[in-house]
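> Generate a structure from the sequence data that follows.
(one chain, ligands or ions: 4)
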Amino acid sequence: LDLERELPGAVQRGELDLVYQPVLDLDDEQPVGTEALLRWRNPALGTVLPAELLPVAEDLMLVEELGRWVLDTACRQLAAWSQRPRRLWMSVNISSRELTAPDFVRWVSTSLAEHRVEPDRLVLEIAEPRGGVDVPAVVTQLAGLRALGVRTALDDFGSGQASLAQLRRLPVDFLKVDRTLVTEGGNRQGESKPFIDVLVSLGKRFGLEIIAEGLESPVQVEQARRAGCRLGQGYALSRPAPAERVEAYLEEFP
Ligand code: G
Ligand code: G
Ligand code: MN
Ligand code: NA
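Ligands and ions are numbered 1, 2, ... in the order given. Down below sits the predicted model:
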């Protein structure tokens with residue numbers, strides 16, 4: 001396959017790219033962080049999205065190499081944006097394979113030091129562990145990351161199974177509510193209120209900050225806000241964009 005032939009050289013050829021999507025405080029609609037999202041720009045294949053490229057990376061044992069590039073690049077960008085008056089965090093998506101690598105915590109610590117990034121400005125997003133993932137290893141690694149001062153998020157919450165059981169075990173700081181709960185979880189007018197309400201209570205109970213993802217309309221933004229969800233992300237607020245565009249956007253919020 002073309003993907004399998006092209007992916008091994010992608011880092012070397014400088015074909016990987018990150019776009020950034022702001023996370024906003026829903027009370028004042030000011031940006032509080034950005035999420036780094038991987039894109040592969042290949043001359044023959046065009047732009048390849050993570051959903052397509054990550055399974056290939058997994059098959060070719062390239063997950064760690066790509067993950068290291070992502071973390072390094074995101075920390076460099078975070079350091080650049082740290083000069084801004086407003087304090088922003090950077091979220092980076094981490095696959096289970098990366099997280100459970102024995103030297104992962106050390107690698108994160110090295111990246112932070114290299115780019116002189118304060119640990120609490122980095123948020124690592126992990127998906128709910130699925131079958132085959134060593135959950136005790138995940139718990140140990142998350143604890144190690146928190147000991148560094150790095151914050152962690154459980155991504156796409158509500159899209160998998162055994163969510164509440166996982167939540168009880170995993171040491172995380174943020175819960176990102178899957179966009180299917182935000183966009184399809186409510187009534188036919190697209191109201192997501194009941195689910196958001198329950199999750200905000202859950203968050204308070206467990207000491208977690210809730211981020212509502214995939215907010216696509218002003219109505220959804222307003223509902224999340226009124227439910228007491230402080231943080232949100234989605235096309236209605238700000239789309240993922242290249243660093244220069246996000247920087248121009250950030251300029252609007254001195
Ligand atoms: O950007 P997009 O909507 O296509 O992302 C799709 C999925 O890919 C999301 O679940 C996201 O968490 C994941 N993803 C995006 N960037 C990265 C990355 O750098 N590393 C990993 N492991 N996953 C990523
Ligand atoms: O799984 P994860 O949450 O990391 O995936 C983030 C993905 O969601 C990104 O690829 C991003 O492009 C996409 N995304 C961000 N905002 C919205 C939105 O409002 N609607 C939809 N459908 N996708 C979104
Ligand atoms: Mn994410
Ligand atoms: Na998500």
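> tell me which residues form a beta bridge with the residue nearest to Leu215 when sequence neighbours are not counted?
With Cβ to Cβ, 6 or more residues apart in numbering as the criterion, Leu215 has its nearest non-adjacent residue at 3.1 Å, and that residue is Gly234. For every residue, glycine as well, the C-beta is placed using N, CA and C. Taking DSSP bridges as the rule, Gly234 bridges to Ser238.
> what sits against Gly234?
179, 182, 212-216, 220-221 (Cβ atoms under 8 Å, 6 or more residues apart in numbering).
> pLDDT score assigned to the closest residue to ligand 1 within the stretch 101-250 of the chain?
Residue nearest to ligand 1 within the stretch 101-250 of the chain: Asp155 (5.7 Å; Cβ to the nearest ligand atom). Note on Asp155: pLDDT of 93.
> Checking it next. Helix, strand or coil?
Three-state call for Asp155 (DSSP: H, G, I helix; E, B strand; the rest coil): strand.
> What about it, how many residues nearby?
23 (other Cβ atoms under 10 Å).
> how much space between it and Gly9?
According to Cβ to Cβ, to the nearest Å, Asp155 stands 29 Å off from Gly9.
> quick revisit: just the buried ones out of the contacts of Gly234, please.
179, 182, 212-215, 220-221 (16 or more other Cβ atoms under 10 Å).
> Looking at these, spot the one nearest ligand 4.
Nearest to ligand 4 out of the buried ones among the contacts of Gly234 is Glu213 (Cβ to the ion; 4.9 Å).
> Could I get the contacting residues of that closest one?
Each residue near Glu213 by Cβ under 8 Å, 6+ apart is listed here: 156, 176-179, 182, 232-234.
> Which residue in these has the weakest pLDDT?
For the contacts of Glu213, the pLDDT minimum is Val182, 66.
> Look up which residues are beta-bridged to Leu154.
Ile126, Leu175.
> Let me know the distance separating the residue of the stretch 101-250 of the chain closest to ligand 1 from ligand 2.
When distance is defined by Cβ to the nearest ligand atom, to the nearest Å, Asp155 is 5 Å away from ligand 2.
> what does Ser163 give?
Ser163 is 15 Å from ligand 2, by Cβ to the nearest ligand atom.
> next one: Leu250
Separation of Leu250 from ligand 2 (Cβ to the nearest ligand atom): 18 Å.
> residue contacts, that residue?
22, 31, 81, 84, 86, 88.
> interface residues of the protein facing ligand 2?
21, 37, 93, 155-156, 179, 213-216, 233-235, 240 (Cβ under 6 Å from any ligand atom).
> tell me the helices in the stretch 51-200 of the chain, going along the chain?
Remark: helices assigned in the stretch 51-200 of the chain by DSSP state H, counting those that start in this stretch are 63-81, 96-99, 104-114, 135-148, 163-169, 179-183, 193-206.
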